[in-house]
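Participant: need coordinates for the below:
(one chain, ligands or ions: 1)
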Amino acid sequence: MSTSVQEPEQFTFRAEITQLLHLLAHSLYQSREIALRELISNASDALDKMRFVALTNEAYRDAAEGLKITLEGRDDSRDLVVRDNGIGMTHDELVENLGTIARSGSLEFLKSLGEARDKADLSLIGQFGVGFYSSFMLADHVTVRTRSYRDDHGWEWRSDGTGRFEIRPIDKQDRGTEVILHLKEDVKDLTKDYRLKGVVRTYSRFIPHPITIGEEVVNDVRPIWVEPKAQVTNEQHAQFYQHLAHRADEKPLWHLHLAVDSPIQFRSVLYCPRTNLERLGFGRTEHGLNLLARRVLVQSDCRELLPDFLRFLYGLVDSEDLPLNVSRETLQDNTVIRRIRNALVKAVFDRLEKLATDDPDAFRTFGEQFGPILKEGVIADVEHRERIASLLRFASSRDESGKETTSLKDYLSRMQADQKAIYYLGGPDLSAIRKSPNLEIFRRRGVEVLFLTDPIDEFVMASLGRFDGKDLKSIDAADVDLPSPKIETPPAESGLAGFSRVLELFRSALGDRVTEVRESKRLTDAPCCLVNAAGGFSTQMQRILRQANRDFPAVGRILEVNPDAPLIRRLAELSANPANDSFISTCGLQLWSNALALEGSLADPEEMVPRVQEFMEQAAAARSSIIQ
Ligand SMILES: Nc1ncnc2c1ncn2[C@@H]1O[C@H](COP(=O)(O)OP(=O)(O)OP(=O)(O)O)[C@@H](O)[C@H]1O
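Facilitator: Numbers count the residues shown, from 1 in each chain. Modelled structure (predicted):
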């Protein structure tokens, strides 16, 4: 059948794709040849899919042989061809895949580039499922000639990347796809074999199918995960990681190479990136691991292989114990997958614990980047909660500058013999936490308190509840169980004449602003502090909940008053004369405002301004006798 005489059909790209193409076409990004990596990677995927069809469908059995990618530069026409004999595309697949299907990825990519688009790092493009379009960084127009393994003729797609593309039927003898880039003048040397070899060596060395240039196979087809661990160099791992993660020039932060024989046989390589894209506002990481059965890719982006809190890892799993025809549905309750997943999780935990001791700098970077995802894990993943928690690091009163952090295990090892709980205090930042009067008694008695500055930490502690058999307790809780004193403090002079009168006056002045006013057993210097009812939310948790929902109801607090503080002693003396009642009551109100201000939760500061003014006037009046 001769099909080439037909009029081509005209199509318009989706709006976000047109936008993306415009950006790519004008990009001055230095490593524009990464576009070739994307095309080679697409060709490799098409070969994987073909091999899978061949191995699972008798009718296509022969197609498993001779799968390859060919790169061909044509000097005279300035064309560069990336050819594969993979699965190919039908008419509808071509229209959808290369132009009309919605790609949330391209929008996300554009958003992630923000304002500074001209100087943007475009090397991340592959992660957004918009790899093919990067061709327009190199080419002023692109032709795709393809024939699906299910069709008896082919289709040609053409575009100059300015908003429209056209498709027409063509005669094409062989199965597969040919992407022809008509190169821009300034990259025309990419038609040269030596340049192409350089690109393959840099970006596509680990493609598991032969890549030929002329007669020569230029890549390293032998899969590294089946090699003995000791024989694979860090450099090889770095290159394989770059291939999997589409991250040019980046070395993984750490890697894991596993060979497991029982109860399930599998091999795996896992890589941890150096940066967490989720923290940069790129949306939730959705990639998974590649799942292979006897070296054949059965599923890319398989999310069942790792729990959610390890979703940032790249890698693959290759097992002899899996059938080729394992489908997405059966993966979910597949025992083999479950066992592999358990083994992977355990190996990752072991690896991270080793990293913490062997390479503290790398472990710190890991915590900074992926700590937030692990913390989500403590909250959501009951099964792994405690083991994840043991990887977290917190600032603590042991080094109040916050430079040296501690794990929960190390905290436990330093705990005093009779200490009942692991203590923590949350706050907006370290300096606010350090000022809290609640810390006084802990400092004085040498009991370590964890300082939590990340809002999610409060949820982490609440979800965890206990660690290694010890309760986790916020020290601003009314019922916090203080360890017995190391240094004998003089018995509180609770019997102090007038102290109970002061409490009484405070109580009536504060009304329902607090649920209780009582003597404090925890304060040594400050006159008072606020604590939370037993079993209630910590102060920091209340602040977070209020930020999330302004209607969050006010929680009753308890004002604790220190009978030993000089100011309180003086007020107790003054209380002997009822003429001082009003002054003492105003002091009560002001002390309450001060306590709120110290913890950063004073809702209406204007309420206390007239009071402070009045105090200043009284103080000024009292000084009038010393004018001379
Ligand atoms: N050589 C090819 N053979 C068959 N199908 C292809 C080929 N190249 C692209 N496609 C199809 O076009 C789709 C879009 O390709 P594109 O590179 O834009 O994104 P992707 O491959 O899905 O994502 P990523 O680039 O992140 O891997 C592919 O998913 C695939 O279905």
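Participant: for the stretch 451-600 of the chain, give the residue positioned nearest to the ligand.
Facilitator: Among the residues of the stretch 451-600 of the chain, Ile456 lies nearest to the ligand; the distance is 30.2 Å by C-beta to the nearest ligand atom. Bear in mind the C-beta positions are built from the backbone N, C-alpha and C, glycine included.
Participant: now do the chain
Facilitator: Gly131 (2.5 Å).
Participant: ok, how many other residues are close to the residue lying closest to that residue once chain neighbours are set aside?
Facilitator: For Gly131, the nearest residue in space outside its immediate sequence neighbours is Glu38; the separation is 3.3 Å by C-beta to C-beta, 6 or more residues apart in numbering. Using other C-beta atoms under 10 Å as the criterion, Glu38 is surrounded by 22 other residues.
Participant: go on, Asp249?
Facilitator: Around Asp249 there are 11 other residues, counting by other C-beta under 10 Å.
Participant: what does the stretch 151-300 of the chain put close to the ligand?
Facilitator: For the stretch 151-300 of the chain, the residues in contact with the ligand under the definition C-beta under 6 Å from any ligand atom are Thr177.
Participant: now Gly154. Nearest residue, chain neighbours left out?
Facilitator: Nearest-residue entry for Gly154: Lys172, 3.0 Å, with adjacent residues in sequence omitted and distances by C-beta to C-beta, 6+ apart.
Participant: in what helix or strand does the residue of the stretch 451-600 of the chain closest to the ligand lie?
Facilitator: In this structure, Ile456 sits in helix 455-464 according to DSSP states H and E.
Participant: contacts for the next helix or strand after that helix next, please.
Facilitator: From helix 455-464 onward toward the C-terminus, using DSSP H and E, the following helix or strand is strand 466-467. The contact list for strand 466-467 (C-beta atoms under 8 Å, 6 or more residues apart in numbering) reads 386, 389-390, 408, 412, 422, 472.
Participant: out of those residues, which is nearest to Phe366?
Facilitator: Nearest to Phe366 among the contacts of strand 466-467, counting by C-beta to C-beta, is Ser390 at 14.0 Å.
Participant: residue numbers of this protein in contact with the ligand?
Facilitator: Taking C-beta under 6 Å from any ligand atom as the criterion, the neighbours of the ligand within the chain are 38, 41-43, 46, 84, 86-89, 97-98, 126, 129-133, 177.
Participant: just the buried subset of those residues, please.
Facilitator: Among the residues of the chain next to the ligand, those that count as buried by neighbour count (16 or more other C-beta atoms under 10 Å) are 38, 41-43, 46, 84, 86-89, 97-98, 126, 129-133, 177.
Participant: so which of those are in helices?
Facilitator: Counting by DSSP state H, the part of these found in helices is 38, 41-43, 46.
Participant: switch the residues you listed over to JSON lines; also include pLDDT.
Facilitator: JSON lines is the format used below for these (pLDDT from 0 to 100):
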{"residue": "Glu38", "pLDDT": "85"}
{"residue": "Ser41", "pLDDT": "87"}
{"residue": "Asn42", "pLDDT": "91"}
{"residue": "Ala43", "pLDDT": "95"}
{"residue": "Ala46", "pLDDT": "96"}
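Participant: and which of these is nearest to Ser582?
Facilitator: Glu38 (77.8 Å).
Participant: sorry, back to before: who's in contact with the residue of the chain closest to the ligand?
Facilitator: Taking C-beta under 8 Å, 6+ apart as the contact definition, Gly131 lies against 38-39, 41-42, 125, 246.
Participant: any idea how far it is from Leu510?
Facilitator: According to C-beta to C-beta, to the nearest Å, Gly131 stands 65 Å off from Leu510.
Participant: where do the helices of the stretch 501-628 of the chain begin and end?
Facilitator: 539-548, 566-574, 581-598, 609-622 (DSSP state H, counting those that start in this stretch).
Participant: show me what the third one is packed against.
Facilitator: Where contact means 3 or more C-beta pairs under 8 Å, 6 or more residues apart in numbering; DSSP states H and E, helix 581-598 is packed against helix 499-510, strand 528-532, strand 557-561, helix 566-574, helix 609-622.
Participant: nearest to Asp79, out of these?
Facilitator: Across those, the minimum distance to Asp79, taken as C-beta to C-beta, is reached by strand 528-532, at 72.1 Å.
Participant: relative to helix 499-510, how tilted is that closest one?
Facilitator: For strand 528-532 and helix 499-510, the angle between their directions (axes from the mean of the first three to the mean of the last three C-alpha atoms, to 10 degrees) works out to 60 degrees.
Participant: contacts for strand 528-532, please.
Facilitator: With C-beta under 8 Å, 6+ apart as the test, strand 528-532 has contacts from 436-438, 474, 476-478, 480, 514, 520, 522-523, 538-539, 542, 555, 557-562, 565, 568, 591-592, 594-596, 599.
Participant: likewise stretch 613-628?
Facilitator: Judged by C-beta under 8 Å, 6+ apart, the contacts made with stretch 613-628 from elsewhere in the structure are 583, 586, 590.
Participant: not counting its neighbours along the chain, what's nearest Ile379?
Facilitator: Distances taken as C-beta to C-beta, 6+ apart place Ser463 nearest to Ile379, at 4.5 Å, with adjacent residues excluded.
Participant: who's in contact with that neighbour?
Facilitator: With C-beta under 8 Å, 6+ apart as the criterion, the residues that contact Ser463 are 378-379, 385.
Participant: can you check His22 too?
Facilitator: Taking C-beta under 8 Å, 6+ apart, we find His22 in contact with 161-162.
Participant: looking at it now. What's its pLDDT?
Facilitator: Model confidence at His22, given as pLDDT, is 85.
Participant: go on, Leu545?
Facilitator: At Leu545, the predicted lDDT confidence score is 81.
Participant: go on, Ala622?
Facilitator: According to the prediction, Ala622 has pLDDT 86.
Participant: with the one 4 residues further on instead?
Facilitator: Reading off the per-residue confidence, Ile626 sits at a pLDDT of 77.
Participant: then Lys435?
Facilitator: Reading off the model, Lys435 has pLDDT 91.
Participant: report the contact partners of it.
Facilitator: Lys435 sits next to Leu598 when contact means C-beta under 8 Å, 6+ apart.
Participant: ok, now Lys470?
Facilitator: With C-beta under 8 Å, 6+ apart as the criterion, the residues that contact Lys470 are 412, 415, 420-422.
Participant: which of those count as buried?
Facilitator: Burial by neighbour count, 16+ other C-beta under 10 Å: within those this picks out 415, 421-422.
Participant: which ones among those map onto strands?
Facilitator: Per DSSP state E, strands hold the following members of the buried ones among the contacts of Lys470: 421-422.
Participant: can you tell me how far the closest residue to Leu183 other than its chain neighbours sits from Asp186?
Facilitator: Closest residue to Leu183 apart from its sequence neighbours, by C-beta to C-beta, 6+ apart: Arg78 at 4.8 Å. When distances are taken as C-beta to C-beta, Arg78 and Asp186 turn out to be 11 Å apart.
Participant: coming back round to it: neighbours of the residue nearest to Leu183, just the number please.
Facilitator: Neighbours of Arg78 using other C-beta under 10 Å come to 18.
Participant: and the residue lying closest to the residue of the stretch 451-600 of the chain closest to the ligand once chain neighbours are set aside, its phi and psi?
Facilitator: Excluding its sequence neighbours, the residue lying closest to Ile456 (C-beta to C-beta, 6+ apart) is Lys375, at 4.9 Å. Main-chain torsions, Lys375, degrees, to the nearest 10: phi -60, psi -40.
Participant: thought Lys375 was touching Asp454?
Facilitator: Yes: contact status for Lys375 versus Asp454: in contact at 7.4 Å, counting by C-beta atoms under 8 Å.
Participant: residue contacts, Thr12?
Facilitator: When the contact criterion is C-beta under 8 Å, 6+ apart, the partners of Thr12 are 18, 163-164.
Participant: quick one: secondary structure of Ile433?
Facilitator: Three states are possible here, and by DSSP: H, G, I helix; E, B strand; the rest coil the one that applies to Ile433 is helix.
Participant: what sits against the closest residue to it other than its chain neighbours?
Facilitator: Distances taken as C-beta to C-beta, 6+ apart place Gly427 nearest to Ile433, at 3.9 Å, with adjacent residues excluded. Contacts for Gly427 were tallied using C-beta under 8 Å, 6+ apart; they are 433, 436, 451-453, 539-540, 599-600.
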